[in-house]
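>>> The following comprises the amino acid sequence and a computationally predicted model.
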Amino acid sequence: MGSAGSEAAFLERNAAESLPAGALAALLEKASSEGRQLRVKLGLDPTAPDIHLGHTVVLQKLREFQDLSHRVVLIVGDYTARVGDPSGRSETRPTLSGEEIEANARTYESQAFGVLDPDASRYELRFNGEWLDMSMADLFRLAATTTVAQMLDREDFATRYAAGTPISILELLYPLMQGYDSVAIDADVEIGGTDQTFNLLLGREIQRAYGKPEQAVLTLPILPGIDGVEKMSKTKGNAIAVNDPPEEMYGRTMRLPDEAMDTWFELLAIEDPGGDPRERKRSLARSIIARFHGEGEAESAEEAFDRQFVDHEVPLEVEDVSVTVEGETAHLPAVLAEAFSISRSEARRLLGQGGVRVDGEVLDSEELDVPVSRLDGMVVQLGRRQFRRITAKTS
RNA sequence: GGGGGAGUGCCCGAGUGGUUAAAGGGGACUGGCUGUAAACCAGUUGGCUCUGCCUACGCAGGUUCGAAUCCUGCCUCCCCCA
């Protein structure tokens, strides 16, 4: 099985697991001998339209399949999203309207095309409402495929169950719906992070229950966020989104702990130049920006970074804000609160901690009322990395 | 249907009538050091017209000079029994 074997090895090289063993190679072989494409599935959550680096790890893998001329099927979980909050206890996830989901999906899609090949012969986008809007009878059939014991095999369910944390029936239904997606689109392969292992494998069970061939499962390691520990996610604030501005990408990458660099280089498939940690990280940052914004942007982001954090100068581009003042004196807490969208109390705290600068000079926390001329047209720095150019506007 | 337990600040988690804006930890933020890394040191982490005032311990009432702490109703969750 020569080439199919080496293709499998290539695809599996940076994967966490390829299950069951040998299945992927066998599928590639079969596809090649039958002259057909493999259908490679990825489900996505339409509540989070912005793609971050963590998503790109999986997308990159899909791209590799495409480059081997297989077909990627992205599934938008519009139906599951409309049902509402799956994890009963996480912050109320607003149920989205059809239009919002559609819009999110399109945003996601356009961002994903930064990595994926949009060619229609190798790409397909589907909404699972197409088949999940099923009758009770159909749901019964689906629900009968799996036992509670099987569900409790999943580690997070088992943990939560043991800890007495609520698990809604709806949540138990989610893996089933995801598995049914594989039935509906005849998935040959499904890809996901290692945290999806259970769901992906359950998809096999469900396919079998419906008399379909079982998909191969390829899991990829989870990319840690810029805290270097937790899974990258927007809500945890440790993500770098592919459409973040270059300067922000650069700065956020530089905050990555050294220990996480190896993982990032490997999972993002960026060449590691070696050398001292600082240079490696700078190179990592440039490569990330180059990938999503181009070489030129990478250069200028680095220059902006050096200017701001190595030379400690005010950035070239600073956001302008106009702030309302009364008369000739400005009340600092009020001005800062308005300019940076924080509370006045927080502004006072920052002032007291020496965290506010005007033109590089720390503001005296004793004087809360200053002449307007001291602020008007000046660049105010809050903490280490927030800058605003203030324009005073008399009310 | 019955019995028991629980709901505290961004998160976890102490506190069972008074000096509690609420211990401790985590996270986050600020300052120092530095490579916007790690480690470490110091501090902050409800709001405001800020040497004080207001609002807060699931929700709504009540008892009391005084409640997160006691009582009543409601909501939510967990466990056990049927």
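Thanks, I have the structure now.
>>> Now do stretch A:30-43: distance from first to last residue.
Stretch A:30-43 has an end-to-end distance of 24 Å (criterion: Cα to Cα, to the nearest Å).
>>> how about it: buried residues?
A:31-32, A:37-43 (16 or more other Cβ atoms under 10 Å). The way it works is simple: take the backbone N, C-alpha and C, and place the C-beta from them, glycine included.
>>> of these, closest to residue A:255?
residue A:42 (28.9 Å; Cβ to Cβ).
>>> Run through the bridge partners of that closest one.
Note on residue A:42: beta-bridge partners by DSSP bridges are residue A:74.
>>> Surely it is in contact with residue A:71?
No. With contact defined as Cβ atoms under 8 Å, residue A:42 and residue A:71 do not form a contacting pair (11.7 Å).
>>> Could you list the buried residues of whichever helix or strand residue A:104 is part of?
Take DSSP states H and E as the rule and residue A:104 turns out to sit in helix A:98-112. Across helix A:98-112, burial judged by 16+ other Cβ under 10 Å covers A:100-101, A:104-105, A:107-109, A:111-112.
>>> State the number of residues packed around residue A:271.
9 (other Cβ atoms under 10 Å).
>>> Isn't it up against residue A:287?
Yes. Using Cβ under 8 Å, residue A:271 and residue A:287 qualify as a contacting pair, with a distance of 7.4 Å.
>>> Skipping its backbone neighbours, what lies nearest residue A:269 in space?
Of all residues not flanking residue A:269 in the chain, residue A:60 sits nearest, at 6.1 Å (Cβ to Cβ, 6 or more residues apart in numbering).
>>> List the contacts of that neighbour.
A:115, A:268-269 (Cβ atoms under 8 Å, 6 or more residues apart in numbering).
>>> Between these, identify the one with the most neighbours.
The most neighbours of any of the contacts of residue A:60, using other Cβ under 10 Å, belong to residue A:115, which has 20 neighbours.
>>> was I right about that one contacting residue A:65?
No. Counting by Cβ under 8 Å, residue A:115 stays clear of residue A:65, with 12.0 Å between them.
>>> Buried residues, stretch A:247-265. List them.
A:247, A:249-254, A:256, A:260-261, A:264-265.
>>> Now flag whichever of the residues you listed is closest to RNA strand B.
residue A:251 (2.0 Å; Cβ to the nearest atom of the strand).
>>> how much space is there between the closest one and residue A:231?
Taking Cβ to Cβ, to the nearest Å as the measure, residue A:251 and residue A:231 are separated by 21 Å.
>>> got it, and residue A:30?
From residue A:30 to residue A:231 the distance is 34 Å (Cβ to Cβ).
>>> And for residue A:298?
Distance from residue A:298 to residue A:231, by Cβ to Cβ: 26 Å.
>>> same check, this time on residue A:346
As judged by Cβ to Cβ, residue A:346 and residue A:231 stand 29 Å apart.
>>> Quickly find the element holding residue A:321.
Counting by DSSP H and E, residue A:321 is part of strand A:319-325.
>>> So what are the sheet partners of that strand and their directions?
Strand A:319-325 is paired, per DSSP bridges, with strand A:386-394 (parallel).
>>> buried set for the partner strand?
Neighbour counts over strand A:386-394 (16+ other Cβ under 10 Å) mark A:387-390, A:392 as buried.
>>> same check, this time on stretch A:334-341
Across stretch A:334-341, burial judged by 16+ other Cβ under 10 Å covers A:334-340.
>>> so where do the strands sit in the stretch 151-300 of chain A?
Using DSSP state E, counting those that start in this stretch, the strands of the stretch 151-300 of chain A run over residues A:189-193, A:216-220.
>>> Need the mean per-residue confidence for the first one.
So that's strand A:189-193. In this model, strand A:189-193 has an average pLDDT of 95.
>>> With the last one instead?
Strand A:216-220 shows a mean pLDDT of 95 in the predicted model.
>>> now do stretch A:28-38
pLDDT averaged over stretch A:28-38 gives 94.
>>> roughly how far is that stretch from the heart of the chain?
32 Å (Cα atoms, centre = their mean, to the nearest Å).
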